[in-house]
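Novice: structural data only, the sequence is not supplied:
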């Protein structure tokens, strides 16, 4: 069996808990109807041993970015015996000022990010790294690569996570009667760097959503967004993020990491991990620390990552009044992150309330909570819809309120209680269960002969 999976570009399931059966009906233009009983969708029993070949068409950098949802799911499917192949795009080449304008087609085997022993084959089509031309190169070169892989690799199912290569891939899959699953973890058109192109990107995203016989979203807010974009409700499901609870529960106590960065017992360490966008809110927090805010409560900031605003954070960390209150660390292997989380007192998602962030729930939120840490987060609709009030999360209006709120929580002495509440909330979001559900959706749609992309 083969899966063609496409992920998000530079334009950048809800496993039912009720008793009985939850059937997923996916009818298409060829009369096929897909039904997934709850007993199948929530476990691997009865699915049979047949392996699935998975071709991932991704428009971001599989090697440098993440781990994202796709890494967690596909590395686990690889370990279960499914064959995974990824077509990706080196998204940072243009913005990082690479000397290479055109990069040739390359193939490699990616090192595991989250699951040791997984084997993901990565294919990078020829690409042009210039404004606008990079989009054109994806349409042309990824289109050629998709058609090649459909002939050579012979996938059983296409799973799209992006815009442009999903646009060409869903049509190529349709011609070969290969089923297509569209999986959204963002409002993709909001990630387009050029504002003038976002309206066009939204049209493309909507066309992909309407054509896909099955649409998965990473949270409830995004599922509602897909319906508003034209998806039929009975063809949509939530496939949430997961967490490896044991990895975070049994992590070391964080003492080693705190000593490494000179944090004392009285220091209140705020922690963020991931890509630092201009709207991530960290600049505002760093400015506050550089002005002396939170000094009386010994507030410090530890960031593990990199990104568009990284150099600005580096400059702020050198400000005279920062006085070693801001510590920045380049991305670390996923296996080391529990020790960094253990070193933190409070974790952060202080993003500005911008359209890009309103309906998403980053995986880091689950990992923060699994580590037993309270989280200060901007009150964003997607977060509130997913986690509700309380549950280890304290909401603020925006990043400028983070430092004062952190001091307030520390003085109240409620950090441990908040952390336990958050861990309890995410304890059922086990990656193994989420992967089993994803696998069951793929096998079910592949099992319906003739299931193809809907004409839109």
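Specialist: Okay, I see it. Values in this document were obtained by computation on a predicted structure and should not be read as measured data.

Novice: domains of this structure?
Specialist: Residue ranges for the domains of the chain, per automatic domain parsing: 2-242+432-447, 245-428.

Novice: can you map out the strands along the stretch 201-350 of the chain?
Specialist: Under the criterion DSSP state E, counting those that start in this stretch, the stretch 201-350 of the chain contains strands at 214-217, 236-238, 268-275, 299-306, 326-329, 346-349.

Novice: and the first one, what does it pack against?
Specialist: Read that as strand 214-217. For strand 214-217, the packing partners by 3 or more CB pairs under 8 Å, 6 or more residues apart in numbering; DSSP states H and E come out as strand 180-184, helix 220-228, strand 236-238, helix 431-447. No exception for glycine: its C-beta is placed from N, CA and C like everyone else's.

Novice: tell me how far the nearest residue to residue 286 once chain neighbours are set aside lies from residue 189.
Specialist: Spatially, and ignoring its direct neighbours in sequence, residue 286 is nearest to residue 316 (4.1 Å; CB to CB, 6 or more residues apart in numbering). Computed as CB to CB, to the nearest Å, the residue 316 to residue 189 distance reads 31 Å.

Novice: and residue 262, by the same measure?
Specialist: Residue 262 sits 43 Å away from residue 189, going by CB to CB.

Novice: okay, these two: which has more neighbours?
Specialist: Comparing residue 262 with residue 189 by other CB atoms under 10 Å, the one with more neighbours is residue 189, at 22 against 10.

Novice: now the stretch 301-450 of the chain, which segments are flagged as low pLDDT?
Specialist: Within the stretch 301-450 of the chain, the segments meeting pLDDT under 70 span 449-450.

Novice: could you redo the last one with a cut-off of 90?
Specialist: The model of the stretch 301-450 of the chain has pLDDT under 90 over residues 308, 319-324, 334-335, 358-360, 390, 414, 427-429, 444-450.

Novice: helices along that one, start to end?
Specialist: Taking DSSP state H, counting those that start in this stretch as the criterion, the stretch 301-450 of the chain contains helices spanning 310-317, 337-343, 355-358, 363-370, 381-387, 402-412, 415-426, 431-447.

Novice: nearest to residue 168, out of those?
Specialist: Nearest of the helices of the stretch 301-450 of the chain to residue 168, taken as CB to CB: helix 431-447 at 20.2 Å.

Novice: now for the closest one, which elements pack on it?
Specialist: Helix 431-447 sits against helix 38-41, helix 69-79, strand 157-160, strand 180-184, strand 214-217, with contacts defined as 3+ CB pairs under 8 Å, 6+ apart.

Novice: which of those sits most buried?
Specialist: strand 157-160 (a mean of 30; mean count of other CB atoms under 10 Å).

Novice: by contact count, what packs against it?
Specialist: Checked by 3+ CB pairs under 8 Å, 6+ apart, strand 157-160 has strand 2-7, strand 53-58, helix 164-175, strand 180-184, helix 431-447 packed alongside it.

Novice: reformat the ones you listed as TSV; add distance to residue 336.
Specialist: Output for these, formatted as TSV (distance: least, CB to CB, whole Å):
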stretch	distance to residue 336
strand 2-7	24
strand 53-58	24
helix 164-175	32
strand 180-184	28
helix 431-447	18
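
Novice: so which of those gets nearest residue 381?
Specialist: Nearest of the helices and strands packed on strand 157-160 to residue 381, taken as CB to CB: strand 180-184 at 15.6 Å.

Novice: quick one: that closest one to helix 69-79, angle?
Specialist: Here the directions of strand 180-184 and helix 69-79 differ by 130 degrees (axes from the mean of the first three to the mean of the last three CA atoms, to 10 degrees).

Novice: partner strands of strand 180-184 and their direction?
Specialist: Strand pairing for strand 180-184, using DSSP bridges, gives strand 157-160 (parallel), strand 214-217 (parallel).

Novice: alright, I will stop here.
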